[in-house]
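J.: dropping a prediction and its sequence here:
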Amino acid sequence: MLPKYYTITTELSDIHLEEALNFIEEYFLKPQGKYYHNTKKTFKNSVAHLNFTAINETEKWEVLVEVQATNPFKVKMTPVNCPHNINITKKMDLIKEKLLITVQFYEDTIRQATLYFAWVEGEKIIPESPPTRRKKFSFRIFGSNMILIYILFFAVNITLFLSLGIVMGIIGILTIQLVIMLFSDQILLGTSDWKITPENPRVHILEYQLPLEEFLKFQEKFGKDMIIKMKEKIYKKSLAVGREPTCELGEDVFAEYGFKCNAKIRVSKVVDVYSIVKEASNKFNIKMPKVALSNTMIANAAATGPSPNRGLVLITTGLLVQLEENEILSVIGHEMGHLSGRDPFILFSIISLEFILRFTILYPIVVLSPLVYLILVMGLIFFIAKFFETRADLLSAMKIGEPHVLAEALRKIGYNRLLAERIAPTRFPKWINFDPHPPIYFRIDRLEKMKTPIKVKNPLLRSVKDVFQGFKRSLKINKP
């Protein structure tokens, strides 16, 4: 049988590529020795290769796997034994997915020992830092199509009712929610670090990936907060005076903490964010939204706004670091799907309608058990929200035209959740949690089944149908 070839893109510097193979062997292959045999590491032209055999003795199939430590990783899989009733391509795709998840876990380890520098041309220098409570709150409120405003104002409305009465309280709550929805783009823009404009379209990202063992010793000696001070010193010598961080500029700072800077630990990229968002808006035929950037390494994106003509897309530097440009475009396509579908306004309308019904027609039911009512209604609203998230995936696939690329981006962003969902005995709880997004396994599998060009007359009805089918399948026990 003919071999199949895959690639796994990575943000790892050259010095960590071979270490990644050791990580795969130690934390992926060895713990699952029942399924992976004959592990061997070799070198060809000074490039490390990891070879192993994937075996399923129950289903009687066998695949030879070779992983080459280049950037991107090159993976070759050759079936050597496959019964006719087995879809070996699907089996190899799952092996590749597990390898990608393992590489992402290793990258997460390396991120702990990485100095990140990001800046936007023409904008002030803002060091990378964990998101503040204010930023996290804004991201959750507006990144979830404003559903969490429903939860927020459940507590606020009690106060207004006590002071204004039921009728004026309802009017007051709806007015506040409407104002927040109408100015959601401005509110989210105010929580961001940078504005991306035609004059300042590019984001520069520079990484110094320090040797992990040295970094762990460094943390033990100096403490976790010292890395922030180290970055501040390099910033002052470089970006603060208009110069790009280089090994030469930071050498004495590195030496001060026992490190040696060299080209093999340095990774850099320049992303024209404005052009990517502009391309997505053109494909959707909507007005170019405002674009904001939050300088945090958590990979995320959000869109909000009262209409497609007054939209805003917020991106984190973590998303730019973790994804390739075509993957970023597909993720932005998902956000454009929300804007073009007017999802923030539709969800606001649904929430407002429930709010009115709660204190009118449904009030006799509410008073019987307010807590049970709240849990059930919140669960229903979050489930309905899954229709719109699923439609946004479909619209990205239709307009951008690369569903497999969006699936790969979701794997990278949500690999932790994906791993948990793949091995869970049942996926039912993932469908009824208070999350507007469907389970990530469902989104990825659905995207990868799509064949381009994709033509769907009614994307929302198709997405509603797909969600119910996915929910129905989740009631079954997963096969190991």
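T.: Received, thanks.
J.: now name the helix or strand holding N71.
T.: Assessed by DSSP states H and E, N71 sits outside every helix and strand.
J.: can you pull the contacts of it?
T.: 9-10, 12, 14, 17 (CB atoms under 8 Å, 6 or more residues apart in numbering). To be clear about C-beta, it is placed using only N, CA and C from the backbone, and glycine gets the same treatment.
J.: list the buried residues of the helix or strand where V464 lies.
T.: Element membership of V464 [criterion: DSSP H and E] is helix 459-474. For helix 459-474, burial by neighbour count (16 or more other CB atoms under 10 Å) applies to 459-460, 463-464, 466-467, 470-471, 474.
J.: save those residues as JSON lines, and put in pLDDT and distance to S184 too.
T.: Listed next are the buried residues of helix 459-474 as JSON lines, based on pLDDT from 0 to 100; distance: CB to CB, whole Å:
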{"residue": "P459", "pLDDT": "96", "distance to S184": "23"}
{"residue": "L460", "pLDDT": "96", "distance to S184": "22"}
{"residue": "S463", "pLDDT": "97", "distance to S184": "23"}
{"residue": "V464", "pLDDT": "97", "distance to S184": "25"}
{"residue": "D466", "pLDDT": "97", "distance to S184": "28"}
{"residue": "V467", "pLDDT": "97", "distance to S184": "25"}
{"residue": "G470", "pLDDT": "96", "distance to S184": "29"}
{"residue": "F471", "pLDDT": "95", "distance to S184": "29"}
{"residue": "S474", "pLDDT": "92", "distance to S184": "32"}
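J.: and the two most separated of the contacts of N71?
T.: T9 and D14 (14.5 Å; CB to CB).
J.: for the helix holding V464, packing partners?
T.: Secondary-structure packing of helix 459-474 (3 or more CB pairs under 8 Å, 6 or more residues apart in numbering; DSSP states H and E): helix 370-400, helix 428-431, helix 440-448.
J.: mind putting these into TSV with mean pLDDT?
T.: What follows is those, written out as TSV (pLDDT from 0 to 100):
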stretch	mean pLDDT
helix 370-400	93
helix 428-431	92
helix 440-448	96
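J.: low pLDDT regions in this structure?
T.: Applying pLDDT under 70 to the chain picks out residues 127-162, 224, 227, 479-480.
J.: who's in contact with the most centrally placed residue in it?
T.: Geometric centre of the chain, nearest residue: I413, 3.3 Å, by CA atoms, centre = their mean. By CB under 8 Å, 6+ apart, the contact set of I413 is 299-300, 319, 322-323, 331.
J.: now with 7 Å, please.
T.: 299, 322 (CB atoms under 7 Å, 6 or more residues apart in numbering).
J.: and P3, how far from K74?
T.: 12 Å (CB to CB, to the nearest Å).
J.: OK, contacts around V277?
T.: Counting by CB under 7 Å, 6+ apart, V277 makes contact with 289, 291, 313, 332.
J.: mind telling me what element it is part of?
T.: Secondary structure (DSSP H and E) places V277 in helix 273-284.
J.: so which of the contacts of N71 comes closest to F52?
T.: L17 (17.4 Å).
J.: walk me through the domains of the chain.
T.: For the chain, automatic domain parsing gives the domain ranges 4-111, 115-130+203-271, 194-198+276-474.
J.: so V270 touches E244, yeah?
T.: No - using CB atoms under 7 Å, V270 makes no contact with E244, being 10.8 Å away.
J.: which of the contacts of N71 count as buried?
T.: Using 16+ other CB under 10 Å, the buried ones in the contacts of N71 are 9-10, 12, 14, 17.
J.: sort out for me which of the residues you listed are in helices.
T.: Of the positions in the buried ones among the contacts of N71, L17 sit in helices, assigned by DSSP state H.
J.: quick check on I265: phi, psi?
T.: When read as degrees, to the nearest 10, the backbone of I265 gives phi -100, psi 0.
J.: tell me the contacts of it?
T.: So I265 contacts 13, 15, 208-210 (CB under 7 Å, 6+ apart).
J.: can you do 6 Å?
T.: Contacts for I265 were tallied using CB atoms under 6 Å, 6 or more residues apart in numbering; they are 13, 15, 208-209.
J.: show me which pair in those residues is furthest apart.
T.: Farthest pair in the contacts of I265, by CB to CB: I15 and Y208, 10.7 Å.
J.: of these two, who's got more company?
T.: The neighbour comparison of I15 against Y208 (other CB atoms under 10 Å) goes to Y208, with 24 against 17.
J.: measure M378 to L174 for me?
T.: If you measure M378 against L174 using CB to CB, the figure is 18 Å.
J.: from what I see, P3 and K76 are in contact.
T.: Yes - under the criterion of CB atoms under 6 Å, P3 is in contact with K76, at a separation of 5.4 Å.
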